[in-house]
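A.B. asks: Provided below are the primary sequence and the corresponding predicted coordinates.
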Amino acid sequence: MIRAGRRKFVQTSEELAAAMGVTIGTFRNKKPYADADFPPLISSEGARVKLWDSEQTTAYLAGRPVPALQQEDDEQDLLDRNEAAAELHVSPKTWDKNYKTHPQIAPHLTKVKGVEHCPRGIVAAFRTGKDATADTGPKGRPKGSGDMVPRDEISARVADLLDEDPAVTLATVQERLGLSYAAAARALPRLRGERIADLLQDEPDLSPQDAATRLGYPTAVQRTALAGAATERRARQVQPYLQRAADVLVGAGLAQAQDVRVQRLDNDVLAAAVVLSGSGAPALVWDERYGWRTAVSKRHPIGKESGTPPEGDGIRYLSEHQQPAPSELLAALTDRRHGTRHPKSVHRAGGTLKG
């Protein structure tokens, strides 16, 4: 970490190499900082960018005693991502994804020599607020009440518990966060599945089962975690296609630029919506079972899951193919002679059932 008041002394590898009169290549190859008596790094272990305190390195290179840095923690200490994550008992990846963008943290982030840091006091205040909520809040969910965590915070809060203990149970999630069984049962397997998918993306030769084991998931929960991973991987595979389709509609003047988000319906069915403008239909919906169709609502285009294909006035299925070319989709949308009131095919992951 960068101790309070020491920001002006922060030194990078390039700056230290120049002070030693060597090229950065030589510096990296010879690693003089590996010597036992060399001043220690002030960047965290495993940090991508190595940082030192120049007052210490200058004294070392001049053969003088290396001055000690303050050891007592201060609210103005600057923590890098690894250190901030450790303070919150989460992984650096969770810090990046769920915490550094939080409105209580984001305004206080600062870059020192290109490395993002957060003041210790800001991280501590955020952690204390969360701990107070966890300690004094209701245990479990009273019957008939809503979830005790706002919907948009559920994933981050469950991710915290998963960071603490990969084997965390649904019962613990319910008790710690005040969630209903249904909310906990949706979030926990989905997050485990996302992490399996992340690991498989980084290491393609790894099997899903091995990934689940490496992540520390108990055998009893691996079935649902692996199912969640399979759904997540399908979502990641189809999202680029859906975005291309949306971009074609934007190019044709039928939609505003938008990021397409793949949603999970009941039974881990995938669906997505593209809001339209000026096409005669409020939106298009893609459902992996039925392909593309028009929707009758701009605000809630996908609607409630019923287990059967949505039908009725304003609903038109545009192709019998699950993923028609975006140009084919555009042609079907703009020519009302194309399409049917009922899906011609019912698709499933890994195959197609003719309707």
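C.D. replies: Good, I have the coordinates.

A.B. asks: tally of neighbours for residue 209?
C.D. replies: For residue 209, the neighbour count with other CB atoms under 10 Å is 12. No exception for glycine: its C-beta is placed from N, CA and C like everyone else's.

A.B. asks: next one: residue 343
C.D. replies: Counted by other CB under 10 Å, the residues lying close to residue 343 total 21.

A.B. asks: that one in helix, strand or coil?
C.D. replies: Under DSSP: H, G, I helix; E, B strand; the rest coil, the three-state class of residue 343 is coil.

A.B. asks: so how far is residue 309 from it?
C.D. replies: Going from residue 343 to residue 309 by CB to CB, to the nearest Å gives 5 Å.

A.B. asks: check residue 109 too.
C.D. replies: From residue 109 over to residue 309 the distance is 47 Å, taken as CB to CB.

A.B. asks: what does residue 260 give?
C.D. replies: 21 Å.

A.B. asks: repeat that for residue 81.
C.D. replies: Computed with CB to CB, the distance linking residue 81 and residue 309 is 46 Å.

A.B. asks: which of these two has more neighbours?
C.D. replies: Applying other CB under 10 Å to residue 81 and residue 309 shows that residue 81 carries more neighbours, namely 21 against 17.

A.B. asks: how near is the residue nearest to that one when sequence neighbours are not counted to residue 247?
C.D. replies: Distances taken as CB to CB, 6 or more residues apart in numbering place residue 92 nearest to residue 81, at 5.1 Å, with adjacent residues excluded. Distance of residue 92 to residue 247, computed by CB to CB: 33 Å.

A.B. asks: hey, where'd the helices end up in the chain?
C.D. replies: 13-20, 24-30, 54-61, 81-87, 92-94, 120-136, 154-164, 170-177, 181-202, 208-214, 219-251, 326-334 (DSSP state H).

A.B. asks: can you get me a residue count around the closest residue to residue 338 other than its chain neighbours?
C.D. replies: Distances taken as CB to CB, 6+ apart place residue 332 nearest to residue 338, at 4.0 Å, with adjacent residues excluded. Using other CB under 10 Å, residue 332 is surrounded by 19 other residues.

A.B. asks: show me what contacts residue 332?
C.D. replies: With contacts defined as CB atoms under 8 Å, 6 or more residues apart in numbering, residue 332 is in contact with 292, 318, 319, 324, 338, 339.

A.B. asks: near the second one, how many other residues are there?
C.D. replies: Using other CB under 10 Å, the number of residues around residue 318 comes to 23.

A.B. asks: hmm, residue 333 and it touching each other?
C.D. replies: Yes: applying CB atoms under 8 Å, one finds residue 318 in contact with residue 333, separated by 6.2 Å.

A.B. asks: at the geometric centre of this protein, which residue do we find?
C.D. replies: The geometric centre of the chain, computed from its C-alpha atoms, lies nearest to residue 97 (CA atoms, centre = their mean), at 4.7 Å.

A.B. asks: number of residues surrounding the residue lying closest to residue 59 once chain neighbours are set aside?
C.D. replies: Leaving out its chain neighbours, the residue that sits closest to residue 59 by CB to CB, 6+ apart is residue 66, at 5.0 Å. Residue 66 has 16 neighbours, counted by other CB under 10 Å.

A.B. asks: repeat for residue 151
C.D. replies: Each residue near residue 151 was counted by other CB under 10 Å, and the total is 9.
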